[in-house]
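> task: produce atomic coordinates for the following.
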Amino acid sequence: MSLFTNEPPQDPRGRTLSLCRTPASKPLIAICTSDQIIGCPTHYWHGRTVPCFQPTCTPCSEGLPWRWHGWVGAYLKGAHQHVLFEMTAQATDAFKAYRQSNGTLRGAMFEASRPSKQANGRLVIRLRSTDLSGIALPDPPDVEAILSILWNISINEIKSGEPTKGLPRILVDTPDDISPIGGNHQGLNDRHAS
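All right, here's what the predicted structure looks like:
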């Protein structure tokens, strides 16, 4: 049997999505494919975003503050691309209000922008209903499964909140600042919102 093939193997852990953050230069416009936001506390540690596994968390033991990140599936209509949209706690208000009024985020069009045009400037999000006729939205993503692939942590560790192999080795992220927020999210300011 030949060592070479003309097709790459299927990833046994499942399909992942690209991580998407709001660019500084122009608004991001997308349609939610998730029913709700999924999130967790994270640390920016050794040049990477990693989940916070309290009470046995190495970054916590080193005195690093945590910061909550949330994710929703987002369909970029113009690019015909399904992505995982990332935000901090401060940016979730519009999503929470829309879901409370409509029962789901799925099918809502949102615009995310940074009025300051700074890469880590305050994120402003607006949601509205949209006509989905002629649009076949992708299935809602399994956010926890996708993050387990991006963070190189087993899905069992993600769901239990207890690492068995230590923190991930391979992550997809770009540097951003972290602000100490203690047990609440009021410590975020304009520079630290994403």
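
> what about this protein, any weak spots by pLDDT?
For the chain, the stretches with pLDDT under 70 are 1, 9-14, 163-194.

> what's the longest strand in it?
The strand spanning the most residues in the chain, taking DSSP state E as the definition, is strand 67-76.

> report the buried residues of whichever helix or strand comes after that strand.
Later in the chain than strand 67-76, the nearest helix or strand by DSSP states H and E is strand 81-88. Neighbour counts over strand 81-88 (16 or more other C-beta atoms under 10 Å) mark 82, 83, 84, 85, 86, 87, 88 as buried. For the C-beta atoms, the positions are set from N, CA and C on the backbone; glycine is no exception.

> export strand 81-88 as PDB, just CAs?
Extracted C-alpha coordinates of strand 81-88, given in PDB (Å, rounded to 0.1, in the frame of the first residue of the first chain):
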ATOM      1  CA  GLN A  81     -18.200  31.500   5.100                       C
ATOM      2  CA  HIS A  82     -19.200  30.000   8.500                       C
ATOM      3  CA  VAL A  83     -17.000  31.300  11.300                       C
ATOM      4  CA  LEU A  84     -16.800  31.400  15.100                       C
ATOM      5  CA  PHE A  85     -17.300  35.000  16.300                       C
ATOM      6  CA  GLU A  86     -15.500  35.900  19.500                       C
ATOM      7  CA  MET A  87     -16.400  38.700  22.000                       C
ATOM      8  CA  THR A  88     -15.700  39.700  25.600                       C
END
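
> packing partners of it?
Packing partners of strand 81-88 (3 or more C-beta pairs under 8 Å, 6 or more residues apart in numbering; DSSP states H and E): strand 18-20, strand 28-32, strand 67-76.

> what does stretch 94-111 rub up against?
Identification of contacts with stretch 94-111 by C-beta atoms under 8 Å, 6 or more residues apart in numbering yields 27-37, 70, 72, 74, 87, 125-130, 132, 137, 140.

> repeat that for 10 Å
Stretch 94-111 is contacted by residues 22, 27-37, 70, 72-75, 77, 85, 87, 92, 112, 123-132, 135, 137, 140 when judged by C-beta atoms under 10 Å, 6 or more residues apart in numbering.

> and these, which are buried?
For these, a burial check counting by 16+ other C-beta under 10 Å picks out 22, 27-28, 30-34, 36-37, 70, 72-75, 85, 87, 92, 112, 123-125, 127, 140.

> now the two most distant members of the buried residues of strand 81-88.
Using C-beta to C-beta, those span at most 21.9 Å, a distance reached by 82 and 88.

> so residue 51 is in contact with residue 151, correct?
Yes. Using C-beta atoms under 10 Å, residue 51 is in contact with residue 151, at 6.5 Å.

> quick check: residue 90 is in a strand.
No. Going by DSSP: H, G, I helix; E, B strand; the rest coil, the assignment for residue 90 is helix, not a strand.

> mind checking how far it is from residue 4?
Here residue 90 is placed at a distance of 50 Å from residue 4 (C-beta to C-beta, to the nearest Å).
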